[in-house]
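[1] sequence plus predicted model, see below.
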Amino acid sequence: MGLEHRWDEICQRYAEVNLLFGDLVKITPTSTAVADMALSMVANGLSRDDVLDPARDLAFPKSVVALFRGEVGAPPEGFPADLQRKVLKGQPAIYGRAAAYLPPADLAARRLELEATVRRPVSERELSSWLLFPALFVEYARHRDRFGDVSALPTPAFFYGLREGEDIEVEVAPGKRHVIGLLARTEPDADGFVTLFATVDGQLQLVTVATPAATVQGARAQVQTGNSAHVSAGLAGTVVAVAVRPGQVVARGETLLAIEAMKMETHIIAERDAIVAEVYVAPGDTVGPRDLLILLS
């Protein structure tokens with residue numbers, strides 16, 4: 001059953017996480033951290049006792065680590081001490097204003113770094129956005145380079161696409177509008193592609209697009225239940241980083257890779273001391289919840 005069909009469980013976990021975290025005042029970003037942890041618990045089958053168990057290493061979402069580190073401040077009574085130690089895994093906590101700990105930024109050098117990353121000149125606003133949210137900005141910039149300014153699309157069309165027979169009006173510049181419609185679509189072919197019969201200002205356009213099935217580079221092996229040598233993500237998402245290579249010795253609790261799903265980055269950790277035998281994924285790969293990602297020896 002997908003996460004979208006498990007709202008009751010998600011709501012229950014959200015209530016549990018809220019109390020685990022000290023009954024925080026929930027505004028962005030504290031509400032984001034609570035929600036990310038609740039979703040992570042549901043996706044990985046974790047209970048409240050699993051989270052609190054000091055003997056069990058867990059990969060906490062990035063937003064949770066940032067929260068307990070004090071990057072967005074701290075509640076007057078502080079965070080639950082035992083849980084904070086478990087989340088931080090030895091990282092020092094920040095006390096006072098997090099911005100006071102930031103080193104000075106060489107804006108000229110950072111601009112050159114960002115321009116090398118996105119391969120184009122950047123504006124002051126883009127530079128500021130990247131300094132504040134480096135990973136999110138790079139993701140946004142690459143999405144915009146690939147698809148253009150999708151902010152012109154109505155929100156339902158962006159998230160869900162068009163229904164057959166539906167038209168939308170898109171303003172691409174002040175006073176310049178196009179009417180886009182979808183007449184019909186074919187069934188996916190053997191390679192997972194569909195053909196859309198669309199109209200732009202009444203003119204028929206045939207567009208071939210890939211379905212999610214077309215992005216899979218062949219079927220992945222699945223993990224065997226109870227096999228501690230098999231490492232999976234526990235949730236569907238995109239690999240954003242791989243921290244190990246074959247032959248590398250890893251310690252219990254060490255990060256193996258990171259997965260992004262629903263804007264939540266989750267680190268997958270080694271549950272025991274081991275040697276990495278095989279790595280089956282690379283950054284950018286789309287994976288399922290039971291796909292075999294890494295084999296340990």
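    On my side now, so go ahead. Numbers count the residues shown, from 1 in each chain.
[2] how about residues contacting the strand or helix carrying residue 110?
    Assigned by DSSP states H and E, residue 110 belongs to helix 107-118. With contact meaning CB atoms under 8 Å, 6 or more residues apart in numbering, helix 107-118 is reached by 121-122, 126-127, 130-131, 138, 141-142, 145. Where C-beta positions appear, they are placed from N, C-alpha and C, glycine not excepted.
[3] and the buried ones among these, selectable in PyMOL?
    Buried residues within the contacts of helix 107-118, by 16 or more other CB atoms under 10 Å, are selected in PyMOL with:
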select buried, resi 122+126+127+130+141
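[4] just the element for residue 94, please.
    Under DSSP H and E, no helix or strand contains residue 94.
[5] the longest strand along the chain pairs with which strands, and in what direction?
    Of all segments of type strand in the chain, defined using DSSP state E, the longest is strand 176-185. Here strand 176-185 is paired, per DSSP bridges, with strand 167-173 (antiparallel), strand 193-200 (antiparallel).
[6] which residues touch residue 268?
    For residue 268, the contact set (CB under 8 Å, 6+ apart) comprises 59, 231, 233-234, 255-259, 293-294.
[7] can you classify the nearest residue to residue 120 once chain neighbours are set aside by secondary structure?
    Leaving aside its chain neighbours, residue 120 sits nearest to residue 145 (7.9 Å; criterion: CB to CB, 6 or more residues apart in numbering). Under the three-state scheme (DSSP: H, G, I helix; E, B strand; the rest coil), residue 145 adopts helix.
[8] any low-confidence regions in this protein?
    Low-confidence segments of the chain, defined by pLDDT under 70: 1-6, 212-219, 262-263.
[9] quick one, strands of it?
    For the chain, the strands defined by DSSP E occupy 167-173, 176-185, 193-200, 203-210, 230-231, 237-242, 249-250, 255-261, 264-269, 274-279, 286-287, 294-296.
[10] quick one: which of the ones you listed is nearest residue 79?
    Judged by CB to CB, the one of the strands of the chain that comes nearest to residue 79 is strand 264-269, at 19.5 Å.
[11] output the closest one as CSV, nothing but the C-alphas.
    Taking C-alpha atoms only, strand 264-269 is exported to CSV below (Å, rounded to 0.1, in the frame of the first residue of the first chain):
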residue,chain,number,x,y,z
MET,A,264,12.6,14.6,2.2
GLU,A,265,16.2,13.4,2.1
THR,A,266,16.8,10.2,4.0
HIS,A,267,20.2,8.7,4.7
ILE,A,268,20.5,4.9,4.5
ILE,A,269,23.0,3.7,7.1
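[12] related to what we said a few turns ago, the residue nearest to residue 120 and residue 139, how far apart?
    Look at residue 145 and residue 139: by CB to CB, to the nearest Å, they are 11 Å apart.
[13] then residue 109?
    Taken as CB to CB, the span from residue 109 to residue 139 is 22 Å.
[14] ok, residue 111 next?
    The gap separating residue 111 from residue 139 is 19 Å, by CB to CB.
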